[in-house]
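Give me coordinates for this.
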Amino acid sequence: MKKIPKLICMVALFFFTLGAYAKQNHIGVSLLTQQHPFYISLANAIEQKAQKENVVLSLSIANQDLNKQISDIEDFITKKVDLIIISPVDSKGVQAAILKAEKANIPVFTVDVPAIGVRVVSHIATNNYAGGVTAGELMGKLLNGKGTVGIIDYPMVQSVVDRIEGFKKGLSKTPGVKIVSIQTGITRAEALTVAQNMLQAYPTLNGIFGFGDDAALSAVIAAKSVKNNDIKIIGFDGMDEARKAVDKEKTFVAVIQQYPDKLGEIAISTAIDYLNGKKVDEVIPVMPGIYTGKE
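Model prediction:
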């Protein structure tokens, strides 16, 4: 009888040791950029959650270069990772790489930016359309239902397309406010040039919607340069720099606020659930907030 407890202890130790050496999940992550606070926060959240969950993580940054992103995904495939998470540089251009991963039986998730023309297991993102609607409604209200508006765009990325479409929908509730210019300005420098061009073409422009924080912050600088202190500028992302600018700058009236920390945590936890055989939703939306300054 005395030998039974010892045997039980040996069996328990065996299974404990087996669990300790069980295969870890290996996840490859390719993010669009590391030059924006949103993606820095997203990457940090992904790394912290992966470490907490004992996940082996291969993280690459595409630096807004589609060819690099495709190469990184192909490297993940060669490494035989268990799952790939992508924030596409180009929503359509990433199709071929996703299809390669699927052919290798590696499931693909997208985070923040969706892929277009190809299915993925799950897409985790801010509800960009809803955020755009909120921005459009607010712009119409702030302009008292009358005026002209410009949009700084990034049309290669579907999440931005959704924001712009949502903005147009929200603005349509005040038909007296007209969109007179939509121009692409991806980087902060490009957005500054675009905003300057808009204000030169339309000196009495009443509002600008920037697809992201960089675009909106550039618009603020452009408005200062022409002494247009009455223009209403709304951004999207809600990083610390943008929120501080809303607090300080008269023209920067609001920013739609995303939660990259939450997106990163959800992406990893959902990926783990899927690898453990659980059913996951094809789309997991995270509602944005709105920041209009210190209360």
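
make it CA atoms for all contacts and neighbour counts henceforth
Fine.

so where do the helices sit in the stretch 51-200 of the chain?
Counting by DSSP state H, counting those that start in this stretch, the segments of the stretch 51-200 of the chain that form helices are 66-79, 95-103, 128-142, 158-171, 188-201.

For the second one, what does the pLDDT average out to?
Spelled out, that is helix 95-103. Along helix 95-103, the predicted confidence averages to a pLDDT of 97.

angle of it against helix 66-79?
Between the axes of helix 95-103 and helix 66-79, defined by axes from the mean of the first three to the mean of the last three CA atoms, to 10 degrees, the angle is 10 degrees.

Now helix 95-103: buried residues?
Neighbour-count burial for helix 95-103 flags 95, 97, 98, 99, 101, 102 (criterion: 16 or more other CA atoms under 10 Å).

helices or strands up against that helix?
In terms of contacts (3 or more CA pairs under 8 Å, 6 or more residues apart in numbering; DSSP states H and E), helix 95-103 is packed against helix 66-79, strand 108-111.

Is it correct that residue 46 falls within a strand?
No. With DSSP: H, G, I helix; E, B strand; the rest coil as the criterion, residue 46 is located in helix rather than a strand.

Grab the nearest non-local neighbour of it.
residue 264 (4.7 Å; CA to CA, 6 or more residues apart in numbering).

chain center to the helix or strand hosting that neighbour, what's the gap?
In the assignment (DSSP states H and E), residue 264 maps to helix 260-275. If you compare the mean C-alpha spot of helix 260-275 with that of the full chain, they lie 14 Å apart, counting by CA atoms, centre = their mean, to the nearest Å.

Parallel or antiparallel, list what pairs with the next helix or strand along the chain from that helix.
Counting by DSSP H and E, the next helix or strand C-terminal to helix 260-275 is strand 283-286. In the sheet containing strand 283-286, the strands it pairs with under DSSP bridges are strand 122-126 (parallel).

helices and strands of this protein: which one has the lowest mean pLDDT?
Sorted by mean pLDDT, DSSP states H and E, the helices and strands of the chain end with helix 3-20, the least confident at a mean of 47.

next helix or strand past it?
As assigned by DSSP H and E, the chain's next helix or strand after helix 3-20 is strand 26-31.

which other helices and strands contact that next one?
Under the contact definition 3+ CA pairs under 8 Å, 6+ apart, strand 26-31 sits against strand 56-61, helix 66-79, strand 83-86.

Ok, which of these comes nearest residue 149?
Among these, the nearest to residue 149 by CA to CA is helix 66-79 (31.5 Å).

That closest one packs against which elements?
Identification of packing neighbours for helix 66-79 by 3+ CA pairs under 8 Å, 6+ apart yields strand 26-31, strand 56-61, helix 95-103.

and it, which residues are buried?
For helix 66-79, a neighbour-count test (16+ other CA under 10 Å) marks 66, 68, 69, 70, 72, 73, 74, 76, 77 as buried.

nearest to residue 252, of those residues?
The closest of the buried residues of helix 66-79 to residue 252 turns out to be residue 66 (CA to CA; 32.2 Å).

I'd guessed that closest one sits against residue 94; true?
Yes. At 7.4 Å, residue 66 counts as touching residue 94 under the criterion of CA atoms under 8 Å.

Return every residue with contacts to both of those two.
Here residue 66 and residue 94 share no contacting residue, scored by CA atoms under 8 Å, 6 or more residues apart in numbering.

The closest residue to residue 189 other than its chain neighbours - how many residues pack around it?
Nearest residue to residue 189 in three dimensions, chain neighbours excluded: residue 218, at 7.5 Å (CA to CA, 6+ apart). Taking other CA atoms under 10 Å as the criterion, the count of residues near residue 218 is 24.
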